[in-house]
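**Student:** need the 3D shape of this:
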Amino acid sequence: MQKLLSIFFSIVLLVSCEGTVVNEFCKYSASYKMDFSIGHTNIPLHDALNSSNLFATFSTVPYNSGYKIQSHTYGSGNHTEVVSEEILSRSSRIIGLNNGLIVGRSSLQDGQLYVFDQMCPNCYKSNNFTRNEYMLSFVDNGTNAECSACKRKYGLLNGGVVVAGEQGEKLFRYHASYDGRIFWVANPQ
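**Tutor:** Numbering: from 1, shown residues only. Prediction:
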């Protein structure tokens, strides 16, 4: 009898949570790997991975037979933007919704590493396609990112939730790891 009651309450809990389960990571595909021990010089990305409250955006653009990575940092109290360019092979290309990611660590979340897509999730989902106007840019000393189309602000320090503007979904987040040498992003397809 006790076993039946346990099964019953488990089913009730599962049914009562239906529709409220939120996955921390998005379903979209992303793939990127950089090994800093073999001479990569991407300073903005390296700084964002090794500091709290400093975020970098980076994206790739076609360049000759490979790709060129462009990085920008904007952190708390740092009002200047640093740009770094580095030539990568075709196998190193970032795959995201519009080929741009936001990377950083939050002191509010015990140094949690965040890798977000640079695309506004709400504009993307409501229009079902990517546009440059939906790309997020840093605001508020780099602690938030804003969409120029819908004017929503997303908190980078607290998991990418909407902090200003019309309510909506939080930023698309990717699985990522950094061990002090190798940074990788890998979301399943």
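**Student:** how about the helices in this protein?
**Tutor:** Under the criterion DSSP state H, the chain contains helices at 2-16, 43-50, 121-127.
**Student:** stretch 134-149: end-to-end distance?
**Tutor:** This stretch, stretch 134-149, spans 6 Å end to end (CA to CA, to the nearest Å).
**Student:** I meant stretch 121-132, not that one.
**Tutor:** 13 Å.
**Student:** so what touches it?
**Tutor:** Outside stretch 121-132, the residues that touch it by CB atoms under 8 Å, 6 or more residues apart in numbering are 26, 97-98, 119, 133-134, 147, 149-150, 152, 162, 166, 168-172. Any C-beta I mention is one placed from the backbone N, CA and C, and that applies to glycine too.
**Student:** same check on stretch 161-179?
**Tutor:** By CB under 8 Å, 6+ apart, stretch 161-179 touches 24-26, 28, 30, 49, 96-97, 101-103, 113-117, 119, 121-122, 125, 136, 144-145, 150-155, 159-160, 183-187.
**Student:** how about a cut-off of 6 Å?
**Tutor:** Residues from elsewhere that reach stretch 161-179 (CB atoms under 6 Å, 6 or more residues apart in numbering): 25-26, 30, 49, 113, 115-117, 121-122, 151-155, 160, 184-187.
**Student:** select from the contacts of stretch 121-132 every entry located in strands.
**Tutor:** Taking DSSP state E, the ones among the contacts of stretch 121-132 that sit in strands are 147, 162.
**Student:** would you list the buried entries among the contacts of stretch 121-132?
**Tutor:** 26, 97-98, 119, 134, 147, 149-150, 152, 162, 168-172 (16 or more other CB atoms under 10 Å).
**Student:** the helices of the chain: lowest mean pLDDT?
**Tutor:** In terms of average pLDDT, helix 2-16 trails the rest of those, at a mean of 40.
**Student:** pull the helix or strand with minimum mean pLDDT from the chain.
**Tutor:** helix 2-16 (a mean of 40; mean pLDDT, DSSP states H and E).
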